[in-house]
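> Return atomic coordinates for the entry below.
(one chain, ligands or ions: 2)
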Amino acid sequence: MKLNTSFPKTLAITASILVAATLSACQPASNNSTSSEIVSANAEDISTANKAFSQFSESFIEQFWQLNPGYGVYVGFYKYDDVLPIPNAETKQRDLAFYQQQLAMLNAINPELLSPSNASDFYILKNQLESGIWSSNELKSGQWNPSNYNVAGVFGVILNTDYKPLNERLQTIIKRMENIPAYYKAAQQNLINPTLTHTQLALQQSAGTAGLFKTSIAEKVKSSSLSAQDKELFAQRLAETNKAINGYITWLEAKAVELEQSTTAKDFRIGKDLYKQKFKLDIFSGYTADELFAKAVSEKKRVHQEMIKIADKLWPKYFDGIEKPQDKLVMIKKVIDHISVKHVKRDDFVSSIREQIPELEAFVLKHDLITMDKDKPLVVRETPEYQRGFAGASINAPGPYDAEANTYYNVTPLDNFNDEQAESYLREYNHWLLQVLNIHEAVPGHYTQLVHSNKSKSLVKSIFGNGAMIEGWAVYTERMMLEEGYGDNEPELWLMYYKWNLRVIMNAILDYSIQVNGLTEAEALDMMINQAFQEKSEATGKWRRATLSQVQLTSYFTGYSEIYQLREELKQATGDKFNLKEFHDQFLSYGSAPVPIIKKLMFDDYVNSHK
Ligand code: ZN
Ligand code: ZN
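Ligands and ions are numbered 1, 2, ... in the order given. Predicted coordinates for the structure are as follows:
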């Protein structure tokens with residue numbers, strides 16, 4: 001699912017202020033806080049602090065859009081849609097000063113006096129500001145990642161989103177094109193130390209950017225009813241745009257040749273120090289990067305052991321009389337390949353997903369797992385043409401400024417596949433894995449989380465929601481559903497689930513191993529293919545993604561591990577008074593906040609109400 005489009009809610013829990021008062025900075029949650037320290041806070045201080053925080057966050061967001069108009073367009077805030085900031089030193093200085101000034105203002109508010117909703121927003125904004133300052137001062141990807149500079153995305157959204165009449169959108173586009181030459185000029189000045197990998201990515205993407213203007217936008221302008229004057233201005237700006245983008249492409253091509261021959265070119269790996277910091281700021285975890293890596297490695301071992309047990313048991317059912325391979329992982333792979341032939345027909349792909357949602361809802365209700373709200377049903381539909389990049393299925397949530405829109409489950413039919421491609425895809429999303437996918441994307445995964453967080457909206461969480469919590473929840477629900485008996489503990493379903501889960505675990509291992517430990521491509525492919533049972537095409541794509549991004553690939557495993565662990569700790573603390581549904585409902589009530597913050601907000605409260 002897309003991040004930054006989720007809606008949080010906050011539950012009015014009893015004694016909320018007491019709970020909020022036990023929050024302390026961005027430390028990993030500890031559960032031994034006492035409530036004696038907060039007795040002194042008086043009602044007036046509390047009200048003043050909450051008011052001050054609300055004013056702060058409102059004014060911060062408004063100014064944030066002014067500085068980041070393109071990001072605004074992505075989330076449906078179009079007020080500054082005609083502004084393209086030039087990424088020069090002046091802009092960078094202005095942004096940094098803004099973040100520093102805002103952080104100082106935020107730090108003047110005492111988070112211990114805030115309501116749970118405001119307190120979690122406080123930590124999210126603090127993290128956002130610290131992250132912005134750190135990126136600018138330490139990570140400095142603007143100096144080494146040429147793919148940071150690409151104007152296509154926002155122009156594409158303006159062109160394809162019907163938020164105002166086409167002529168007005170085209171006029172906005174023409175106005176916004178004015179800064180394109182200065183934009184690419186600044187980009188070249190900033191890029192003092194590009195990596196080859198990111199240079200190649202930028203080259204690939206910039207070719208598409210050129211096409212967007214020359215073809216898609218130019219055709220729309222030509223066939224529009226814009227005035228001759230507008231069209232003339234467009235022609236002039238288009239010529240300047242083409243020149244700027246082509247100039248950038250030529251520059252990148254020369255750079256790529258130079259970097260290929262260089263022995264001192266910057267590595268795409270960010271290394272241990274930056275990685276640790278980036279993990280801390282991006283993921284907002286109770287674990288350090290090292291701890292998380294160690295956890296993933298041991299979890300991989302556990303999952304392998306479970307898979308061996310299942311595959312051993314299934315072997316005679318499918319390979320009666322045939323000798324088992326010596327290598328246990330090879331045996332697992334054989335069983336997986338064999339049972340993957342059970343899948344829906346290609347023409348039934350969309351309809352079978354549609355049919356499954358009510359079945360999942362019925363299971364959740366029958367087993368009393370989570371409160372299911374019926375007032376915003378999920379609409380399963382074929383992915384609209386303009387959104388079809390890849391085959392697959394994903395939740396399309398309304399943006400924070402368009403909250404009344406439907407939540408769609410976009411499923412792309414396999415129309416563009418030849419027989420061989422369709423067969424390979426359907427084997428991957430076979431009878432069993434398709435169910436796990438629907439749990440993850442829809443019920444009780446992303447869609448259900450969204451419905452809960454929608455009950456009380458926080459603009460902060462819908463714009464800066466925590467990715468590890470959002471993805472972690474969806475991954476957590478896969479395991480939770482199977483543990484509660486979904487699919488009647490069918491061994492095939494568990495085996496496929498583990499294969500799917502191994503991908504999440506492997507993502508975390510790979511990311512750290514590549515960025516910190518210098519894992520090579522050959523080693524990475526070997527790990528994915530032989531230890532996580534991935535097809536070569538999938539593994540190659542993942543290698544590429546892991547060389548271009550850092551930390552993001554760990555978010556799924558981190559969030560999942562932390563949610564699962566929180567649940568187990570609460571079980572420990574409450575014994576037979578533990579109630580799964582109440583845990584889920586309360587957990588989801590804080591919206592898309594980082595799991596350590598949710599833990600801080602709910603742990604004592606949950607324990608006290610389940611004594
Ligand atoms: Zn088949
Ligand atoms: Zn997801």
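> Look up how far residue 174 lies from the nearest residue to residue 85 once chain neighbours are set aside.
Across the structure, with Cβ to Cβ, 6 or more residues apart in numbering as the measure, the residue nearest residue 85 apart from its sequence neighbours is residue 91 (5.5 Å). All C-beta spots, glycine's among them, are computed from the backbone N, C-alpha and C. For residue 91, the distance to residue 174 under the criterion Cβ to Cβ, to the nearest Å works out to 22 Å.
> which of these two has more neighbours?
Set side by side, residue 91 and residue 174 give different neighbour counts by other Cβ atoms under 10 Å, the larger being at residue 174 (21 against 13).
> pretty sure the more buried one is in contact with residue 234, am I right?
Yes - the pair formed by residue 174 and residue 234 meets the contact definition of Cβ atoms under 8 Å, at 5.0 Å.
> So for these two, which residues contact both of them?
With Cβ atoms under 8 Å, 6 or more residues apart in numbering applied, the overlap between the contact sets of residue 174 and residue 234 consists of residue 221.
> Low-confidence ranges, this protein, go.
1-40, 386, 389-391, 456 (pLDDT under 70).
> Number of residues surrounding the closest residue to residue 401 other than its chain neighbours?
Across the structure, with Cβ to Cβ, 6+ apart as the measure, the residue nearest residue 401 apart from its sequence neighbours is residue 76 (4.0 Å). As a burial measure, the neighbour count of residue 76 was computed by other Cβ under 10 Å and equals 17.
> tell me the contacts of whatever residue of the stretch 101-250 of the chain ends up closest to ligand 2?
At 19.7 Å from ligand 2, residue 124 is the closest residue in the stretch 101-250 of the chain, using Cβ to the ion. Residue 124 is in contact with 460, 461, 464, 465, 466, 593, 594, 597, counting by Cβ under 8 Å, 6+ apart.
> Could you pull up the contacting residues of the last one?
It stands for residue 597. Contacts were defined as Cβ under 8 Å, 6+ apart; by that measure residue 597 touches 23, 119, 120, 123, 124, 284, 590.
> Please look at the second one and residue 125 and confirm they touch.
What it means is residue 119. No - taking contact to mean Cβ under 8 Å, the distance of 11.0 Å between residue 119 and residue 125 leaves them out of contact.
> between those two, which one's more packed in?
Neighbour count, other Cβ under 10 Å: between residue 119 and residue 125, residue 119 has more, with 29 against 22.
> Would you mark the buried spots in stretch 217-224?
Along stretch 217-224, the positions that meet the burial threshold by neighbour count (16 or more other Cβ atoms under 10 Å) are 217, 220, 221, 224.
> Apologies, that question was intended for stretch 505-517.
By 16+ other Cβ under 10 Å, the buried positions in stretch 505-517 come out as 505, 506, 507, 508, 509, 510, 511, 512, 513, 514, 515, 516.
> From residue 283, how far out is the third one?
Right, residue 507. 13 Å.
> Can you say which helix or strand has the residue of the stretch 101-250 of the chain closest to ligand 2 in it?
Using DSSP states H and E, residue 124 falls within helix 116-134.
> which outside residues touch the helix or strand following that helix?
Stepping forward along the backbone from helix 116-134, the first helix or strand reached (DSSP H and E) is helix 141-144. Outside helix 141-144, the residues within contact range by Cβ under 8 Å, 6+ apart are 87, 92, 135, 148, 190, 191, 192, 193, 194, 195, 198, 266.
> Report the closest residue of this structure relative to ligand 2.
Per Cβ to the ion, residue 474 is where the chain lies closest to ligand 2, at 4.4 Å.
> Please point out which parts of the helix or strand encompassing that residue sit buried.
Counting by DSSP H and E, the element that carries residue 474 is helix 467-483. By neighbour count, with 16+ other Cβ under 10 Å as the criterion, the buried positions of helix 467-483 are 467-482.
> Please, which helix or strand holds the nearest residue to residue 495 once chain neighbours are set aside?
Of all residues beyond its chain neighbours, the one nearest residue 495 is residue 310 (4.7 Å), with distances taken as Cβ to Cβ, 6+ apart. Here residue 310, judged by DSSP H and E, is contained in helix 289-318.
> Remind me what whatever helix or strand comes next after that helix packs against, helices and strands.
Towards the C-terminus, the helix or strand next in line after helix 289-318, according to DSSP H and E, is helix 328-339. Using 3 or more Cβ pairs under 8 Å, 6 or more residues apart in numbering; DSSP states H and E as the contact definition, the elements that helix 328-339 packs against are helix 289-318, helix 491-515.
> Just the angle for helix 328-339 relative to helix 289-318, thanks.
When axes from the mean of the first three to the mean of the last three Cα atoms, to 10 degrees is applied, the directions of helix 328-339 and helix 289-318 differ by 60 degrees.
> quick one: the helix or strand residue 61 falls within to helix 116-134, angle?
Assigned by DSSP H and E, residue 61 belongs to helix 43-67. Orientation of helix 43-67 against helix 116-134 (the same axes, to 10 degrees) gives an angle of 40 degrees.
> Now do the buried residues in helix 43-67.
Applying a neighbour-count criterion of 16+ other Cβ under 10 Å, one finds 46, 49, 50, 52, 53, 56, 57, 60, 61, 64, 65, 67 buried in helix 43-67.
> Would you mind measuring from the third one to residue 542?
Meaning residue 50. When distance is defined by Cβ to Cβ, residue 50 is 45 Å away from residue 542.
> just the fifth one next, same as before
Note on residue 53: its distance to residue 542, by Cβ to Cβ, is 41 Å.
> likewise the fourth one?
Summarising the geometry, the distance separating residue 52 from residue 542, computed by Cβ to Cβ, is 46 Å.
> what's the answer for residue 525, then?
Separation of residue 525 from residue 542 (Cβ to Cβ) stands at 9 Å.
> try residue 106
Relative to residue 542, residue 106 is positioned 38 Å away (Cβ to Cβ).
> Where do the helices of the stretch 501-611 of the chain begin and end?
In the stretch 501-611 of the chain, the segments counted as helices under DSSP state H, counting those that start in this stretch are 521-526, 536-548, 555-574, 580-588, 595-608.
> can you tell me which of those helices comes nearest to residue 383?
Distances from residue 383 to each of the helices of the stretch 501-611 of the chain were compared using Cβ to Cβ; the shortest belongs to helix 536-548, at 19.5 Å.
> other SSEs contacting the closest one?
With 3+ Cβ pairs under 8 Å, 6+ apart as the test, helix 536-548 has helix 196-211, helix 491-515, helix 521-526 packed against it.
> Using JSON lines, please lay out those together with distance to residue 552.
Below are those laid out as JSON lines (distance: least, Cβ to Cβ, whole Å):
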{"stretch": "helix 196-211", "distance to residue 552": "15"}
{"stretch": "helix 491-515", "distance to residue 552": "8"}
{"stretch": "helix 521-526", "distance to residue 552": "16"}
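> hang on, the earlier thing: of the contacts of residue 124, closest to residue 387?
Sorting those by distance to residue 387 puts residue 465 at the head of the list, at 20.8 Å, by Cβ to Cβ.
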